[in-house]
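Visitor: sequence unavailable; structure follows:
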């Protein structure tokens, strides 16, 4: 089975760099499956898990926004943050989820509402990846 190099890069570090057979991401326009020799493109990513398939196994990484760049033989995800399941503290994610829900339910200005909704999406993303 053919493969391509996947790199997930955050401002702090290179979170992932391996040859993979396929990835599934949630782009701004919807879910995308990327196989080797995909057409080159750049698209923004949503806060969602990235599913990585390689050698009949599957990995999931919590990616919190950013951009996906598909090149001829390489895919680069430039993410605001990326966490492997082993790096996620489930109790902390649950706590962040509760705080975000409380802020959403409280009467605040529009900016605080947006920040709370993004925090909730990030917490739910971490919980989904850790629970797989």
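Guide: Structure received. All figures in this text were calculated on a predicted structure; none of them were measured in a lab.
Visitor: what residues are bridge-paired with residue 30?
Guide: With DSSP bridges as the criterion, residue 30 is bridged to residue 27.
Visitor: neighbours of it, how many?
Guide: 8 (other CB atoms under 10 Å). To be clear about C-beta, it is placed using only N, CA and C from the backbone, and glycine gets the same treatment.
Visitor: list the contacts for residue 35?
Guide: By CB atoms under 8 Å, 6 or more residues apart in numbering, the contact list for residue 35 reads 21-22.
Visitor: pLDDT at it, what is it?
Guide: Per-residue confidence for residue 35 comes out at a pLDDT of 95.
Visitor: cool, residue 1 as well?
Guide: The per-residue confidence score, pLDDT, reads 69 for residue 1.
Visitor: so what touches the lengthiest helix in the chain?
Guide: Using DSSP state H, we find that the single longest helix of the chain is helix 110-131. The contact list for helix 110-131 (CB under 8 Å, 6+ apart) reads 47-49, 60-64, 81, 83, 85, 88, 90, 93-94, 96-97, 99-101, 103-104, 108.
Visitor: in helices, which of those fall?
Guide: Among the contacts of helix 110-131, DSSP H puts 90, 93-94, 96-97, 99-101, 103-104 in helices.
Visitor: narrow the residues you listed to just the buried residues.
Guide: Among the ones in helices among the contacts of helix 110-131, those scoring as buried are 93, 96-97, 100, 103-104 (criterion: 16 or more other CB atoms under 10 Å).
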